[in-house]
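Undergrad: predicted model follows, preceded by the sequence.
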Amino acid sequence: MHVELRATVPDDLPILFRNQADPEASTMAAFPSRDWEAFIAHQAKIDADETVLSRTIVVDGEVAGGVGSWQAEDERNIGYWIGREFWGRGVATAALRAFLELETDRPLTAYVAAHNLGSRRVLEKCGFAVVREQHVDGVNEFVTELRR
């Protein structure tokens with residue numbers, strides 16, 4: 001399996017949209033899906049923000065998801081979203097490791113739903129450590145904060 005990161009191109013957007021619209025993935029992430037218009041508006045915001053570092057994850061020539069970092073108040077956050085057909089294959093870990101070579105700011109903070117043990121394990125394999133758990137309003141879920 002060959003995992004690479006590249007700049008997002010317009011042809012990636014339908015696949016990235018489908019990934020985030022997957023109800024099971026949305027439940028795992030404890031993050032609501034966007035409709036197409038909201039998704040495209042968010043992508044335009046990402047593209048216009050010079051503080052955002054965003055990449056498409058490609059596995060053996062196929063778009064698998066996305067990974068990015070952004071400034072949120074006084075911390076640098078990191079996140080990723082992988083299509084379900086790529087879960088459990090080491091894609092997220094390989095992509096995050098590659099991304100951490102591009103994103104040199106530290107510390108980096110990631111938030112993961114407490115029930116998303118796979119994503120938490122990816123973060124831990126990539127050197128993130130649990131800082132705290134917190135209840136997030138509107139999510140009805142405890143979220144684990146990890147930092148590297």
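TA: Nice, thanks for sending it over.
Undergrad: quick check: residue 70 is in a strand.
TA: Yes - counting by DSSP: H, G, I helix; E, B strand; the rest coil, residue 70 falls inside a strand.
Undergrad: quick one: contacts for residue 54?
TA: Shown in contact with residue 54 (C-beta atoms under 8 Å, 6 or more residues apart in numbering): 8, 46-47, 66-69. Every C-beta, even on glycine, is put in place using the N, C-alpha and C of the backbone.
Undergrad: now render those as CSV, adding neighbour count and pLDDT.
TA: Formatted as CSV, those follow (neighbours: other C-beta atoms under 10 Å; pLDDT from 0 to 100):
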residue, neighbour count, pLDDT
8, 19, 96
46, 15, 95
47, 11, 94
66, 25, 98
67, 23, 98
68, 18, 98
69, 23, 98
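Undergrad: just give the number of residues close to residue 63.
TA: Per other C-beta atoms under 10 Å, the neighbour tally for residue 63 reads 22.
Undergrad: now, the contacts of residue 54 that are in helices?
TA: 46-47 (DSSP state H).
Undergrad: ok, the stretch of helix or strand residue 58 belongs to: who's next to it in the sheet?
TA: With elements taken from DSSP states H and E, the one containing residue 58 is strand 53-59. When pairing is defined by DSSP bridges, strand 53-59 lines up against strand 3-6 (antiparallel), strand 62-72 (antiparallel).
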